[in-house]
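# I would like the atomic coordinates for the input below:
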Amino acid sequence: MKKRIETLRIVVAETSVIVRSGVVSVLKRLPGIQVRPVEVASPDALESCLHMNTPDILLVNPTFGGWFNVEEFRSDAVHAMVKCIALNCNITDTSLLQLYDESITLYEDPDSLQEKILRVASLGIDEDKTTLDSSVSETEPLSLREREIVICVVKGMTNKEIADRLFLSIHTVNTHRRNIARKLEIHSAAGLTIYAIVNKLVELNEVKL
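Numbers count the residues shown, from 1 in each chain. As a prediction, the model looks like this:
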């Protein structure tokens, strides 16, 4: 039986704009979850954000602000009900990750990310996991050529370089990029980077940062 999915307020605390905005783009596209994300880039910005509106989930890099003290964060009664997910971009001691409600990596596939967020938010998912909300339609799949262009973009190639590499005109590359943005609802290179990583189109060491 389907459960109605409420809007989740998720704060993404990460200093890297590429990772931060990319994660937000992926969160917005997860089927069955309506996410209202907020990006914060510094401890001061996080403090201000939390004073204004308590989120449902704090998705934070354990190295945020030098080192994010999740125990101290939870000791504040205002934050006690906030679920904490570690955005593990580096090698982190597993004993420290155990202090969080959950942890994710940049290699997380969308299904796994969706399941973890729903579990942490205590919203549950359908038993067959085929759908979570009949009002949410599946993302239109990319063609083989569009996937090739995404790979080129996240490797840092210009439109002209992509055109030369794939034997296309620049006009055709621009058309493909507009179609990709429309299908994925991602309008930044950072968002495409995270999309390409989580969908295993590229390895992290292939990405131009």
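
# Setting aside sequence neighbours, what's the nearest residue to residue 185?
In space, and not counting its chain neighbours, residue 185 is closest to residue 29: 6.1 Å by Cβ to Cβ, 6 or more residues apart in numbering. In this view, the C-beta of every residue, glycine as well, is placed from N, C-alpha and C.

# Ok, residue 149 next?
residue 176 (5.0 Å).

# ok, now how distant is that neighbour from residue 151?
To residue 151, residue 176 is 12 Å away according to Cβ to Cβ, to the nearest Å.

# higher neighbour count, the two?
Legend: neighbour count by other Cβ atoms under 10 Å for residue 176 and residue 151, higher for residue 176 (21 against 16).

# Lowest-scoring secondary structure element of this protein by mean pLDDT?
helix 94-97 (a mean of 78; mean pLDDT, DSSP states H and E).

# Strand partners (parallel or antiparallel) of the helix or strand just after that helix?
Proceeding N to C from helix 94-97, the next assigned helix or strand is strand 102-105, under DSSP states H and E. Partner strands and pairing direction for strand 102-105 (DSSP bridges) are strand 83-88 (parallel).

# that older thread, does the residue nearest to residue 185 touch residue 187 like I think?
No: using Cβ atoms under 8 Å, residue 29 is not in contact with residue 187, being 12.0 Å away.

# Could you check which of the two is surrounded by more residues?
Using other Cβ under 10 Å, the more surrounded residue of residue 29 and residue 187 is residue 29, with 17 against 12.

# Please give me every residue in contact with the more buried one.
110, 139, 184, 185, 186 (Cβ atoms under 8 Å, 6 or more residues apart in numbering).

# and the residue nearest in space to the middle of the chain, what helix or strand is that in?
Closest residue to the average C-alpha location of the chain: residue 23 at 2.3 Å, with Cα atoms, centre = their mean. Element membership of residue 23, judged by DSSP H and E, is helix 17-29.

# which is the next helix or strand following that helix?
Downstream of helix 17-29, the first helix or strand assigned by DSSP H and E is strand 34-40.
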